[in-house]
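A.B. asks: from the sequence below, what's the structure:
(2 chains)
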Amino acid sequence: MTLTFRLPWPLLRVLRSMLSGTATSRGTPHRDGPPAINELYHARRLSLVRLAVLMVDDLPTAEDVVQDVFAALYQRHGADLRAIADPHAYLTAGVMNASRSVLRRRRSARAYVPPPASPAPAAEDEALLPEEDQEVLAALARLTVRQRQVVVLRYWSELSEREIAEALHVSRGTVKSTANRALTILRDALSEARP
Amino acid sequence: MNADLEQRLRSALAAQATRVTPDRLRPALPPTALPARSPAPMLLRRAAWAAAALLLVAVAVITLRPTGPAPQHPTVVPPSPSGSSNPPSPLPSPSTSTPPSPTPSRSLSLPQSSSLSLSLSPSPAALSGDSVAPSKGHVVASPDTRSSAP
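C.D. replies: Model (predicted):
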């Protein structure tokens, strides 16, 4: 005959952590769940900076955007990310929102101060980027922030329409129509560049 | 046409993104180097919000409370002509403010509490052992003593 009784969940967690030798305090990494924030930082920083560069066009700002997103994540949730269902999607959405804020601030500033003459691209950049790609990137600058977000998430991050909709907090129909409109603008811009 | 454009887009975005290499990134601290927000300020903030909400509700209740009809005050009966012409009684009684009328009228229908207070308070004459004894119920002092007073 076996007697079984259920322990309360907090007590069970404490007992399990004592047996496995891991602490259960807030901020320690949990092996079963999502990675802790530092592991996530080291694993995702480069890809997120690349994503931000495609949005804001310059590397220092992109690095600041990613750092701010991680800092906000840590301040809000601590090092333990178990409260977040999908940390990768959370970070992508955070980078998109922060990049959008940067672009809006830039546009507001340009409304009052004329933009300085664009500096000549570095020699290594010119050597790395073919002319075709430079044309496409110049055409990307004509898009609105939302259109650019959709294009970058779709053709660089390779997200589905549903994932883009969740990241940008819009409907799938909005994603579809925004992508179609963006492609039309890009096609027109590229045909203008190469008549 | 679309496939060609999409291919160009993917190529350009990949070329731009792969220019960012790990050695071009600035050295940066991981987010745990920043102090995490402790729960105490959050609790304080929540308490402040709750207090502000309660204050707003209290102000709204006080300002929007429907004002009912004014409480019924006993109508002040004008003194009778005889009383007004006569000089006041030398023996002051607590009932001088409400000169009684010989017949109970509607205007004298005081609230029960005020009539009780009047009946229970003995007049100074009674306290001083005067012959006029206050009767139970109404203020006996007034009409007769006033009229008999010189």
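
A.B. asks: lowest-confidence helix or strand of chain A?
C.D. replies: Lowest by mean pLDDT, DSSP states H and E among the helices and strands of chain A is helix A:9-20, with a mean of 48.

A.B. asks: output the next helix or strand after it as CSV, restricted to C-alpha atoms.
C.D. replies: Downstream of helix A:9-20, the first helix or strand assigned by DSSP states H and E is helix A:37-56. Output of helix A:37-56 as CSV, limited to C-alpha atoms (Å, rounded to 0.1, in the frame of the first residue of the first chain):
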residue,chain,number,x,y,z
ILE,A,37,19.5,37.3,-19.7
ASN,A,38,23.2,37.3,-19.9
GLU,A,39,23.3,34.2,-22.0
LEU,A,40,20.6,35.7,-24.2
TYR,A,41,22.6,38.9,-24.5
HIS,A,42,25.7,37.1,-25.7
ALA,A,43,23.8,34.9,-28.0
ARG,A,44,21.5,37.5,-29.6
ARG,A,45,23.4,40.8,-29.4
LEU,A,46,25.0,40.6,-32.8
SER,A,47,21.9,39.6,-34.7
LEU,A,48,19.8,42.3,-33.0
VAL,A,49,22.4,44.9,-33.8
ARG,A,50,22.3,43.9,-37.4
LEU,A,51,18.5,44.1,-37.3
ALA,A,52,18.7,47.6,-35.8
VAL,A,53,21.3,48.7,-38.4
LEU,A,54,18.8,47.8,-41.1
MET,A,55,16.3,50.1,-39.5
VAL,A,56,18.4,53.0,-38.3
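
A.B. asks: and helix A:37-56, does that touch chain B?
C.D. replies: Yes: judged by CB under 8 Å from any CB of the partner chain, helix A:37-56 and chain B are in contact via A:37, A:38, A:41, A:42, A:45, A:46, A:49, A:50, A:51, A:53, A:54. Using the backbone N, CA and C atoms, a C-beta is placed for each residue, glycine as well.

A.B. asks: and for stretch A:57-70?
C.D. replies: Yes: Stretch A:57-70 is in contact with chain B by CB under 8 Å from any CB, via A:59, A:60, A:62, A:63, A:67, A:70.

A.B. asks: hmm, back to that, tell me the one among the residues of helix A:37-56 next to chain B nearest to residue B:51.
C.D. replies: residue A:37 (33.5 Å; CB to CB).

A.B. asks: look up phi and psi at the residue lying closest to the closest one once chain neighbours are set aside.
C.D. replies: Distances taken as CB to CB, 6 or more residues apart in numbering or on different chains put residue A:79 closest to residue A:37, at 4.8 Å, once the chain neighbours are dropped. Phi and psi for residue A:79, reported as degrees, to the nearest 10, are phi -80, psi -20.

A.B. asks: rebuild the residues of helix A:37-56 next to chain B as TSV, extending it with pLDDT.
C.D. replies: Below are these laid out as TSV (pLDDT from 0 to 100):
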residue	pLDDT
A:37	85
A:38	86
A:41	91
A:42	90
A:45	94
A:46	94
A:49	95
A:50	95
A:51	95
A:53	94
A:54	94
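
A.B. asks: just put those residues in JSON lines and tack on neighbour count.
C.D. replies: As requested, the residues of helix A:37-56 next to chain B are arranged in JSON lines below (neighbours: other CB atoms under 10 Å in any protein chain shown):
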{"residue": "A:37", "neighbour count": "24"}
{"residue": "A:38", "neighbour count": "16"}
{"residue": "A:41", "neighbour count": "22"}
{"residue": "A:42", "neighbour count": "11"}
{"residue": "A:45", "neighbour count": "19"}
{"residue": "A:46", "neighbour count": "16"}
{"residue": "A:49", "neighbour count": "25"}
{"residue": "A:50", "neighbour count": "22"}
{"residue": "A:51", "neighbour count": "26"}
{"residue": "A:53", "neighbour count": "24"}
{"residue": "A:54", "neighbour count": "26"}
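
A.B. asks: looking at those residues, which two lie furthest apart in space?
C.D. replies: Most distant of those, by CB to CB, are A:38 and A:54, 25.2 Å apart.

A.B. asks: for the helix or strand hosting residue B:11, give the mean pLDDT please.
C.D. replies: Assessed by DSSP H and E, residue B:11 sits inside helix B:2-17. The pLDDT scores in helix B:2-17 average 91.

A.B. asks: quick one, it and helix A:37-56 angle?
C.D. replies: 120 degrees (axes from the mean of the first three to the mean of the last three CA atoms, to 10 degrees).

A.B. asks: list the contacts of residue A:190.
C.D. replies: Residues in contact with residue A:190, defined by CB atoms under 8 Å, 6 or more residues apart in numbering or on different chains, are A:135, A:136, A:139, B:5, B:8.

A.B. asks: now the host helix or strand of residue B:48: buried residues?
C.D. replies: In the assignment (DSSP H and E), residue B:48 maps to helix B:39-64. For helix B:39-64, the neighbour count (16 or more other CB atoms under 10 Å in any protein chain shown) marks no residue as buried.

A.B. asks: try stretch A:172-180
C.D. replies: Quick answer for stretch A:172-180 (16+ other CB under 10 Å): A:174, A:175, A:178, A:179.

A.B. asks: next one: stretch A:81-95
C.D. replies: Buried, per 16+ other CB under 10 Å, within stretch A:81-95: A:81, A:84, A:87, A:90, A:91, A:92, A:93, A:94, A:95.

A.B. asks: looking at these, which are in helices?
C.D. replies: Judged by DSSP state H, helices contain the following of those: A:87, A:90, A:91, A:92, A:93, A:94, A:95.
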